[in-house]
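Peer 1: the following block contains a protein sequence and its predicted model.
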Amino acid sequence: MRLLVVGKLNGQLSVAVKMAMNTGAKVAHVETIAAATQALRAGQGADLLMVDYELDIAALIAANEAERIRAPVVACGVGADAQRAGDAIRAGAIEFIPLPPEADLIAAVLAAVSDDNRPMVARDPVMEQVIKLADQVAPSDASILITGESGVGKEVMARYVHTKSRRSSKPFISVNCAAIPENLLESELFGHEKGAFTGAVARRVGKFEEADGGTLLLDEISEMDARLQAKLLRAIQEREIDRVGGSKPVKVNIRILATSNRDLAQAVKEGTFREDLLYRLNVVNLRLPPLRERPGDIAALCEHFLKKYAKANGMPERPLSAEARRRLVAHRWPGNVRELENAMHRAVLLSTGPEIEEFAIRLPDGQPLSPAPDAAVARTASMAAEAATRTLVGQTVAEVEQQLILDTLVHCSGNRTHAATILGISIRTLRNKLKEYGDAGVSVPPPQAGLGANAA
């Protein structure tokens, strides 16, 4: 955590700085808002600004945004004047810290805004093998390409590699190549000189220089346009960059990590990604498996997120019920760890009993998790599905889908919920399909008798 303190460093503000340093924050200090923007423009970098509320916080935020510098602001001040604290929040501060400070409050605010506190949670042997490889290559300076579906934790892995590297005491800088407009990404990466383009009112150091000595993560690099890929390739090869509008190259000493949720080899074939750049980035590939391929991680991740959000919301920690745990492990989690985290956050807020019950675990569309299928029913349905695939030749995709759904339903004795789980679709989708078949005159197995709503 890099903290930039803005204001006169005396009295209680000095005490707050010492408390922040005790939490592990790396603290820098300037006295004015102009000096703060200048320090950030010059590449000093900060994850959080702690600003005296007697200063013009709105002007500071506006000046930073004009330079596309985005760092959250926390206001602080002696006396906890409600009017001034409210003005600071309205000006754009995300939090107010009264002075004299409390150590727990300082630590809580820093932890809340820091994106460094995302540990690598892994219990599944598949994921443990990936971490073993990461541990092996982290001490080197080799470029690493981290691949996997959206939400599997690629940036978490990148931070893990950085903390295990010889550069761990230096900056870790992340750039989301997909989130920055194409015409701004070059300046964001390489910086610019004063007057290089309209709005370039002063020299601006880019992320390459900000990361000097440390690690630069190029997140979702597949979204970078071809022209900029060529400039990036040169920067990696020569270890020097050219600022936009600059007249001489600038040497940099960084380690490059990159992530992608796309198949870059296929992108090379399609002509949207440079093959030579792929070779430079992919010295080592860390493929993070989707959550459905690492079910052993699900329970451990659930416990981690339940503790995290219970603490964040001031609520008691509660364990998962046995049925909730079974349903969580059986679900496929198309959104991977990100979706699981959101589900656990909702569960913390919705649960009312001593345990996190299955009804409190909701999917993004508000639907509850389907019950875990009975093992015997699952085996029977799987055998039916396998037999169905042997008679596919000569049928349309729609006909094959219909046959598979109906055969699976028959071998689930009409239980819609179990069939949907086996087929990997939502109960709503299954019901819509069955209605479509029924309207077309196709015989549909009736719901399983005696099981109530779960079978309907």
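Peer 2: Arrived safely. Keep in mind that this is a model prediction, so the values were computed, not measured. Numbering: from 1, shown residues only.
Peer 1: which residues touch Arg204?
Peer 2: Neighbour list for Arg204: 41, 67, 187, 191-192 [criterion: CB atoms under 8 Å, 6 or more residues apart in numbering]. C-betas here are computed from N, CA, C, even on glycine.
Peer 1: in the stretch 101-250 of the chain, which ranges drop under the pLDDT threshold?
Peer 2: The model of the stretch 101-250 of the chain has pLDDT under 70 over residues 112-117.
Peer 1: helices of that one, start to end?
Peer 2: Using DSSP state H, counting those that start in this stretch, the helices of the stretch 101-250 of the chain run over 103-113, 125-137, 154-163, 182-190, 207-210, 226-238.
Peer 1: how about the stretch 301-450 of the chain?
Peer 2: With DSSP H, counting those that start in this stretch as the criterion, the stretch 301-450 of the chain has helices spanning 322-330, 336-350, 375-388, 397-411, 416-423, 427-439.
Peer 1: possible to save the ones you listed as a markdown table with mean pLDDT and mean neighbour count?
Peer 2: A markdown table is the format used below for those (pLDDT from 0 to 100; neighbours: other CB atoms under 10 Å):
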| stretch | mean pLDDT | mean neighbour count |
| --- | --- | --- |
| helix 322-330 | 92 | 17 |
| helix 336-350 | 93 | 19 |
| helix 375-388 | 50 | 14 |
| helix 397-411 | 83 | 17 |
| helix 416-423 | 81 | 24 |
| helix 427-439 | 88 | 14 |
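Peer 1: can you lay out those as CSV showing distance to Glu220?
Peer 2: Listed next are these as CSV, based on distance: least, CB to CB, whole Å:
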stretch, distance to Glu220
helix 322-330, 28
helix 336-350, 14
helix 375-388, 36
helix 397-411, 32
helix 416-423, 31
helix 427-439, 29
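Peer 1: and His162, which of these is closest to it?
Peer 2: helix 336-350 (18.8 Å; CB to CB).
Peer 1: just the C-alphas of that closest one, formatted as PDB.
Peer 2: In PDB, the C-alpha atoms belonging to helix 336-350 read as follows (Å, rounded to 0.1, in the frame of the first residue of the first chain):
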ATOM      1  CA  ASN A 336     -15.600 -18.500 -11.400                       C
ATOM      2  CA  VAL A 337     -14.100 -17.100  -8.200                       C
ATOM      3  CA  ARG A 338     -15.600 -13.600  -8.900                       C
ATOM      4  CA  GLU A 339     -19.100 -15.000  -9.000                       C
ATOM      5  CA  LEU A 340     -18.500 -17.200  -6.000                       C
ATOM      6  CA  GLU A 341     -17.200 -14.200  -4.000                       C
ATOM      7  CA  ASN A 342     -20.300 -12.200  -4.800                       C
ATOM      8  CA  ALA A 343     -22.600 -15.100  -3.900                       C
ATOM      9  CA  MET A 344     -20.800 -15.300  -0.500                       C
ATOM     10  CA  HIS A 345     -21.200 -11.600   0.100                       C
ATOM     11  CA  ARG A 346     -24.900 -11.900  -0.600                       C
ATOM     12  CA  ALA A 347     -25.200 -14.900   1.700                       C
ATOM     13  CA  VAL A 348     -23.600 -13.100   4.600                       C
ATOM     14  CA  LEU A 349     -26.200 -10.300   4.200                       C
ATOM     15  CA  LEU A 350     -29.200 -12.600   3.600                       C
END
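Peer 1: so the closest residue to Gly11 other than its chain neighbours versus Ser14, what's the distance?
Peer 2: Closest residue to Gly11 apart from its sequence neighbours, by CB to CB, 6 or more residues apart in numbering: Val78 at 7.2 Å. Using CB to CB, to the nearest Å, Val78 is found at 12 Å from Ser14.
Peer 1: how about Ala82?
Peer 2: Distance of Ala82 to Ser14, given as CB to CB: 24 Å.
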